[in-house]
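**Student:** using only what follows, build the 3D model:
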Amino acid sequence: MTIIRIPGVSNLRDVGGIPVGAGQVRIGRLLRSGQLARLTPQGGAQLAGRVRRVVDLRADDEVRAEPSALESVSTTRIPLFLGSTASFFAEDIDLAGMYRHLLDESADRLAQAVRLIAQGEPTLVHCAVGKDRTGVTVALALSAVGADRAAVIADYALTASQLPEARTRAVVEYFRTHLPESRYAIQLATESPAPVMAALLDDVDARFGSAAEYLRAAGMNGAELDALRTFLVE
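**Tutor:** Residues are numbered from 1 along each chain as shown. Reported below is the predicted structural model:
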């Protein structure tokens, strides 16, 4: 993976270079990041030079609160969470539970997001901080083309270290003050533990056979999965 520094966007990286059998993921085809509301004009120009499509996985209220500043690139919104993101904090669900919810309740939307990647344009996938919804979507797309499991997990786990330190400190302080009894709020907001993604991908394999078969069950067809591999893998 290649970490990319562009003014106004955090947790931005290109997953190109991840091994796929004897090959690798093509550089410049699939990028991931946090939201683009604070993207500077200079940053917007730099990002527009890299991608031709943006897939925004945030809910309507998140987009209204922090609208994207990247207007020159075609953006498709696919809200992944059914209901409010705040509900996960209110119910004190852990990351594994959140991801299982995504797999079970948003399968068609996950397939729609991966289908857009397969359409063959350099694509940026993002949510609020680029950790959970983005992490699951990118992990499924990479796994569906046979990317090295350890590298996919490492890409997910990298996120926690890429979140703005000031944000992380503020989030931790907020939850310690306002949700002192919560067991998982800080984990939900700030962590990306490798074992959680490993367990998610193992669960997909156990229940569906593979990530590709999960996406097929969610609505993608063989031609679309082939196109995904052709686009991503060299």
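**Student:** just for the chain, where's the confidence low?
**Tutor:** Scanning the chain for pLDDT under 70 picks out the ranges 83-84, 86.
**Student:** one more time with 50
**Tutor:** Within the chain, no stretch has pLDDT under 50.
**Student:** find the residue at the geometric middle of it.
**Tutor:** A centroid search over the chain (C-alpha atoms, centre = their mean) returns T134, at 1.0 Å, as the residue closest to the centre.
**Student:** what's the helix or strand for S87?
**Tutor:** Secondary structure assignment for S87, by DSSP states H and E: helix 86-90.
**Student:** using PDB, write out every CA atom in that helix.
**Tutor:** Only the C-alpha atoms of helix 86-90 are listed here, as PDB (Å, rounded to 0.1, in the frame of the first residue of the first chain):
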ATOM      1  CA  ALA A  86     -25.200   6.500  16.400                       C
ATOM      2  CA  SER A  87     -27.200   3.400  17.000                       C
ATOM      3  CA  PHE A  88     -24.000   1.200  17.200                       C
ATOM      4  CA  PHE A  89     -22.700   3.500  20.000                       C
ATOM      5  CA  ALA A  90     -26.100   3.600  21.800                       C
END
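**Student:** who touches it?
**Tutor:** The contact list for helix 86-90, computed with C-beta atoms under 8 Å, 6 or more residues apart in numbering, reads 97-98, 101, 179, 182, 185, 188-189. All C-beta spots, glycine's among them, are computed from the backbone N, C-alpha and C.
**Student:** for those residues, pick the one with the most neighbours.
**Tutor:** The most crowded member of the contacts of helix 86-90, judged by other C-beta atoms under 10 Å, is A185 (23 neighbours).
**Student:** still on that earlier bit, give me the three-state assignment for the residue nearest to the centre of the chain.
**Tutor:** helix (DSSP: H, G, I helix; E, B strand; the rest coil).
**Student:** surely it and L124 touch.
**Tutor:** No. Between T134 and L124 there is no contact under C-beta atoms under 8 Å: 9.6 Å.
**Student:** between those two, which contacts overlap?
**Tutor:** With C-beta under 8 Å, 6+ apart as the test, T134 and L124 both reach 32-33.
**Student:** now the two most distant members of the contacts of helix 86-90.
**Tutor:** Distance extremes for the contacts of helix 86-90: the farthest pair is H101 and L179 at 19.4 Å, using C-beta to C-beta.
**Student:** one step back: show me what counts as buried in the next helix or strand after the helix holding S87.
**Tutor:** Using DSSP H and E, the helix or strand that follows helix 86-90 towards the C-terminus is helix 95-105. In terms of neighbour count (16 or more other C-beta atoms under 10 Å), helix 95-105 has its buried residues at 95-96, 98-99, 101-103.
**Student:** just those now: which is nearest A65?
**Tutor:** Nearest to A65 among these is M98, at 20.3 Å by C-beta to C-beta.
**Student:** now the closest one. Nearest residue, chain neighbours left out?
**Tutor:** Spatial nearest neighbour of M98, excluding adjacent residues (C-beta to C-beta, 6 or more residues apart in numbering): F88 at 5.3 Å.
**Student:** so who does G120 touch?
**Tutor:** Contact analysis of G120 by C-beta under 8 Å, 6+ apart lists 227, 231.
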